[in-house]
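# Provide a 3D model corresponding to the input given below.
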Amino acid sequence: METSVPGMDLKGRSHYWGYIWISLETRLMEHAEMTENVVMNIQFEGQQAQWFDTLREIRVDKLESR
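Have a look, this model is predicted:
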């Protein structure tokens, strides 16, 4: 991804990996565990560009109905 807005230039990428469980019976998502790695270079107007590396862990669990 690459974008520029007044006062800021940004260039980076995002990668996801993990597991998603889908019910064969209902075809609904039962559970998910995903990891995202985001690397980006941000330059604010009048400042030197900075690199950022973010790692996120995402977990989704099915809610039981009452």
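# I figured residue 21 hits residue 28, correct?
No - Residue 21 sits out of contact with residue 28 when judged by CB atoms under 8 Å, with a separation of 9.9 Å. Every C-beta, even on glycine, is put in place using the N, C-alpha and C of the backbone.
# these two: which is more packed in?
Ranked by neighbour count (other CB atoms under 10 Å), residue 21 and residue 28 place residue 21 first, with 12 against 9.
# just give the closest residue to residue 9, not the sequence neighbours.
residue 43 (4.7 Å; CB to CB, 6 or more residues apart in numbering).
# so who does that neighbour touch?
Contact partners of residue 43, counting by CB atoms under 8 Å, 6 or more residues apart in numbering, are 8, 9, 10, 49, 50.
# quick one: the fourth one and residue 11, what's the gap?
Put plainly, it is residue 49. Distance check for residue 49 against residue 11: by CB to CB, to the nearest Å, it reads 9 Å.
# which residues are common contacts for those two?
With CB under 8 Å, 6+ apart as the test, residue 49 and residue 11 both reach residue 41.
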